[in-house]
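>>> build me a model:
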Amino acid sequence: MAAQLSRLPAAECLKLCHRVVDGLCGREPPRWGDYSAIWSLEEWLEVLHSLEAVFCQATGNNSTDEKVMSGLSEVGSSHAEAVLSVLKARWEEIRLALLDRTSAISSATLQDFDWQLKLALSSDKISSLQTPLLSLSLDIREDGALKPVTMEMNKEELNTLITSLEAANKVLLQLK
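Numbers count the residues shown, from 1 in each chain. Okay, here's the model as predicted:
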């Protein structure tokens, strides 16, 4: 990306970065036709994807200015400053766009849940089992329809579920 981006004047780099962020946020992205005199189509796509990756990764990882600048060390300082200034100015906007993309992965939401603890005393194979089982019923709303989901878990499966939910909650808290 460094060699390609350096062909663009620093002032134009600032405009390009703003248009790349516009594209990330669902507005009109930059068009190759506006830059076809500077880059071939292949070079354009490389520059575009590289800038998108810089904005997404820096925002998603909550990177410091120093870390962003070190990642842009191969780019000229004026171009790196342009990228950083756009990132700082539109950080919240990029963050919200990334959150929207993530939440759009699934439209399903948990509407209600119910649980029961059961004790399996025996089975057809074992006369004395004494195994606790959790029966979990979830009501999931997806595209306006309510879909019931029921699962039964033993202690190990329940511990795995709880660990997974705690990890997901930790990720959500980091995104806020």
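
>>> report the helix or strand with the lowest average pLDDT across this structure.
Using mean pLDDT, DSSP states H and E, helix 2-6 stands out as the lowest-scoring helix or strand of the chain, at a mean of 81.

>>> who touches that one?
The contact list for helix 2-6, computed with CB atoms under 8 Å, 6 or more residues apart in numbering, reads C13, W39, E43, E46, V47, S50, E74, V75, G76, H79. C-betas here are computed from N, CA, C, even on glycine.

>>> and it, what's buried?
The neighbour-count check on helix 2-6 (16 or more other CB atoms under 10 Å) flags Q4, L5 as buried.

>>> residue closest to the middle of the protein?
T102 (4.8 Å; CA atoms, centre = their mean).

>>> confirm that residue sits in a strand?
No - checked against DSSP: H, G, I helix; E, B strand; the rest coil, T102 lies outside a strand; its state is helix.

>>> may I have the beta-bridge partners of the residue nearest to F113 when sequence neighbours are not counted?
The shortest distance from F113 to any non-neighbouring residue, by CB to CB, 6 or more residues apart in numbering, is to L138 (5.1 Å). Note on L138: beta-bridge partners F113, V149, judged by DSSP bridges.

>>> and the helix or strand containing K88, what does it pack onto?
For K88, the element it lies in under DSSP states H and E is helix 77-89. Where contact means 3 or more CB pairs under 8 Å, 6 or more residues apart in numbering; DSSP states H and E, helix 77-89 is packed against helix 10-24, helix 41-60, helix 65-71.

>>> is S63 in a helix, a strand, or coil?
Three-state assignment for S63 (three-state DSSP): coil.

>>> so it makes contact with Q57?
Yes - in this structure, S63 is within contact of Q57 by CB atoms under 8 Å, at 7.2 Å.
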